[in-house]
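**Q** predicted model and sequence below, questions to follow.
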Amino acid sequence: IVIAGIIGYSIWNKPHPDIKDADAVKTTSITLYDILSNHKSDSAIYLNKVVEVSGVIKSVSKNEQDQQIILLETNVAGGSVNCTMEKEVNDVKPGDTIVLKGVCSGYIGGDIDMDLPGDVFLLRCYSAS
């Protein structure tokens, strides 16, 4: 029981990987969205991995936790790569091209009946450009 407790404690308190300096799988927002939203076999390359994604900014906003959210354009109307920033990026606006690095948590589908596509989510993002 003691050994299990020590292992559990170690896993629980394991430090997060350093996203900013980590090696990343490089892609574009269009490619990332296409692969994850269509559940292609390549999706394992990106899921729960550090991904460096380049794309055009669709919008910049804040979430309820006051974190900056940058949405990147895709080739699907209404679909985005949703990037939650660890550190705010200044002087960015829709139409700018940006490179971001974060952990890909996957695709969450929208509502088919309302013709709303889903989003691909990147967490703990940093500007890589």
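**A** That came through fine.
**Q** in the chain, what residue spans correspond to helices?
**A** In the chain, helices defined by DSSP state H lie at 2-12, 29-37, listed in chain order.
**Q** hang on, isn't Gly55 packed against Glu73?
**A** Yes - with contact defined as C-beta atoms under 8 Å, Gly55 reaches Glu73; the gap is 6.0 Å. All C-beta spots, glycine's among them, are computed from the backbone N, C-alpha and C.
**Q** what residues are shared contacts of the two?
**A** Ser29, Ile30 (C-beta atoms under 8 Å, 6 or more residues apart in numbering).
**Q** neighbour count winner among these two?
**A** Neighbours per residue (other C-beta atoms under 10 Å) separate Gly55 from Glu73, with Gly55 holding more: 25 against 20.
**Q** next, count neighbours for the residue lying closest to the more buried one once chain neighbours are set aside.
**A** Using C-beta to C-beta, 6 or more residues apart in numbering and skipping the chain neighbours, the partner closest in space to Gly55 is Ser29 (3.0 Å). Counted with other C-beta under 10 Å, the neighbours of Ser29 add up to 26.
**Q** Ser29 touches Val56, doesn't it?
**A** Yes - counting by C-beta under 8 Å, Ser29 touches Val56, with 7.5 Å between them.
**Q** so what's in contact with those two at the same time?
**A** With C-beta under 8 Å, 6+ apart as the test, Ser29 and Val56 both reach Leu72, Glu73.
**Q** hey, least reliable of the helices of the chain by pLDDT?
**A** Among the helices of the chain, helix 2-12 has the lowest mean pLDDT, at a mean of 72.
**Q** around Leu72, count how many other residues there are.
**A** Residues lying near Leu72 (other C-beta under 10 Å) number 26.
**Q** on that earlier part again, got the contact list for the residue nearest to Gly55?
**A** Val53, Ser54, Gly55, Val56, Leu72, Glu73, Thr74, Val81.
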